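# 3D model of this:
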Amino acid sequence: MRPISIVRDKGLTELLAFLEPNYRPPSTTHVSAQIRKDFEDGKAAVKKLLYDNTSIALTTDIWTSRATQSFATTTVHFLDQHWNLTTCVLESVHFPGHHTCKILWDESQWASIVCVAHRLQNAVKHAVEKQSMQKMLAKCRRLVGHFKHSALATNGLIKKQKTLGFKKLLHVVQEVPTRWNSTFYMMQRLVQLKQPIRLYLEDTMAEDQIRSFDLSDHQWSVVKSILNLLEGVDQVTTTLSGESEAAEGSITASATNEVDHQTVEPPSKKRSVLDRLLGEEEQDDVSGMK
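Residues are numbered from 1 along each chain as shown. This next block holds a predicted model:
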């Protein structure tokens, strides 16, 4: 987004004069007035929609801009007269400080319903914070970083994909710490690129360097198992985060679908699949040190 004063920018005015000598760009005053008019028209339209729909739901989202400034956006959701799910942004305000539910509650004083997607996010985040998981993720991040920070390595990876006959050329996916799904997508893409990655490393690195970058066969196996475990969670969080449908109606169906495909064990015999996989990883690390 550029400031209104862009209409006076020398480069822009010279470009417009070259493209269309008879065109006169609007003044900053005119642009400001048009923006205010559009805002008031939009505000009036939203007011009418809210007046005609008394049953609404409000949601908030705290986000960070590229300039690392935090904002809280309030959005209203309702069904219009044609039963279409409609969404309107009511406001976006500067939101300094910690991004916690308590602070948001103190600011808004709204009755709150727990966000299911956020709870799933926290559950997975807690699981991946385990030491063994972090050790394996550190290796995945290093592998991704090697290709992300080197054009030569990226080109080499693409060449290996072409040699192997990949119909669609893929790039590694960078993880975003605040979104567990990005960790899932990072591991998923590494598994898809496992063969060309290993071929590239074998052609460009010494054996000791390969060991420091590449995952062991057991680690690759663990990554695949974790992806199978988290795939359903990713589908649920993606569905719950969608704006084109009511999430409340999807929660029971999604949860039921996951349960239908799993064998439920008694609590006394139940053991976290992730704990078991990471336990095997720890044993593998210990064996490697002996």
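
# quick one, helices of this protein?
Using DSSP state H, the helices found in the chain span residues 10-19, 28-52, 101-108, 116-128, 131-148, 151-163, 180-192, 194-204, 207-213, 217-240, 248-260, 273-289.

# And these: which comes nearest residue 58?
Closest approach to residue 58 among the helices of the chain (Cβ to Cβ): helix 101-108, 8.5 Å. Every C-beta, even on glycine, is put in place using the N, C-alpha and C of the backbone.

# I'd like the helices of the chain as CSV, with mean neighbour count appended.
Formatted as CSV, the helices of the chain follow (neighbours: other Cβ atoms under 10 Å):
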stretch, mean neighbour count
helix 10-19, 11
helix 28-52, 11
helix 101-108, 12
helix 116-128, 15
helix 131-148, 17
helix 151-163, 15
helix 180-192, 19
helix 194-204, 17
helix 207-213, 11
helix 217-240, 17
helix 248-260, 12
helix 273-289, 14
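
# Now mean pLDDT and distance to residue 173 too, for those helices, in CSV please.
As requested, the helices of the chain are arranged in CSV below (pLDDT from 0 to 100; distance: least, Cβ to Cβ, whole Å):
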stretch, mean pLDDT, distance to residue 173
helix 10-19, 89, 36
helix 28-52, 90, 37
helix 101-108, 69, 30
helix 116-128, 74, 16
helix 131-148, 87, 7
helix 151-163, 94, 13
helix 180-192, 90, 4
helix 194-204, 92, 13
helix 207-213, 78, 17
helix 217-240, 84, 13
helix 248-260, 47, 24
helix 273-289, 52, 21
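
# Make CSV out of those helices and add distance to residue 172.
Formatted as CSV, the entries for the helices of the chain read as follows, by distance: least, Cβ to Cβ, whole Å:
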stretch, distance to residue 172
helix 10-19, 37
helix 28-52, 41
helix 101-108, 34
helix 116-128, 18
helix 131-148, 5
helix 151-163, 8
helix 180-192, 6
helix 194-204, 8
helix 207-213, 12
helix 217-240, 14
helix 248-260, 29
helix 273-289, 22
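
# Can you tell me which of those is nearest to residue 4?
Ranking the helices of the chain by proximity to residue 4 (Cβ to Cβ) places helix 28-52 first, at 5.0 Å.
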